[in-house]
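Asker: Build me a model:
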Amino acid sequence: QVLLQESGPGLAKPSQTLSLTCTVSGGSITTSNYAWNWIRQPPGKGLEWMGVITYEGKTYYSPSLKSRTSISRDTSKNQFSLQLRSVTPEDTAVYYCARFQDIYWYYDYWGQGTQVTVSS
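Answerer: I've put the predicted structure just below:
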């Protein structure tokens, strides 16, 4: 059983940098054929893919967020992290981390999600 748990502040002010961490247990983030994603859902809207870090450490980002987003990992802690710069109230959302497996090409494990509100 793979477990993913998001952590980070629930509140951010406009223009700040939002930092979230996903702690993974029950499986290594360096195991081949898996990629580790950040996905968010603004209130009343659908899921939005933000970016991914692969088991090799390669990163890919949504074009609409690429200029403000960084994803990194700490293999010693089996964690990967999201930084979103210059946040605005439009970045208010539930943020999820999720594992994608490219054997059957689907997201097989998700974190429970963490609410982030951007407000002054």
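
Asker: Show me what counts as buried in stretch 76-90.
Answerer: For stretch 76-90, the buried set under the neighbour-count rule, 16 or more other CB atoms under 10 Å, comprises 78-82, 84, 87. Every C-beta, even on glycine, is put in place using the N, C-alpha and C of the backbone.

Asker: As CSV, the residues you listed with distance to Ser62 and pLDDT would be great.
Answerer: Compiled in CSV, the buried residues of stretch 76-90 are given as follows (distance: CB to CB, whole Å; pLDDT from 0 to 100):
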residue, distance to Ser62, pLDDT
Asn78, 24, 98
Gln79, 21, 98
Phe80, 16, 98
Ser81, 17, 98
Leu82, 12, 98
Leu84, 11, 98
Val87, 15, 98
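
Asker: Please name the nearest non-neighbouring residue to Ala88.
Answerer: Quick fix: residue 88 is Thr, not Ala. Pro14 (5.5 Å; CB to CB, 6 or more residues apart in numbering).

Asker: pretty sure the one you found contacts Glu90?
Answerer: No - contact between Pro14 and Glu90 fails when scored by CB atoms under 8 Å: they sit 9.9 Å apart.

Asker: Give me the subset of the buried residues of stretch 76-90 that lies in helices.
Answerer: Assigned to helices by DSSP state H, none of the buried residues of stretch 76-90 qualify.

Asker: Looking at these, spot the one nearest Ile39.
Answerer: Ile39 lies nearest to Leu82 out of those, by CB to CB, at 10.2 Å.

Asker: ok, now which ones touch that closest one?
Answerer: 18-22, 38, 50-51, 69-71, 95, 97 (CB atoms under 8 Å, 6 or more residues apart in numbering).

Asker: likewise Ser19?
Answerer: Counting by CB under 8 Å, 6+ apart, Ser19 makes contact with 8-9, 81-83.

Asker: Any idea what it is bridged to?
Answerer: Going by DSSP bridges, Ser19 is paired in beta bridges with Gln83.

Asker: I appreciate the help and will end here.
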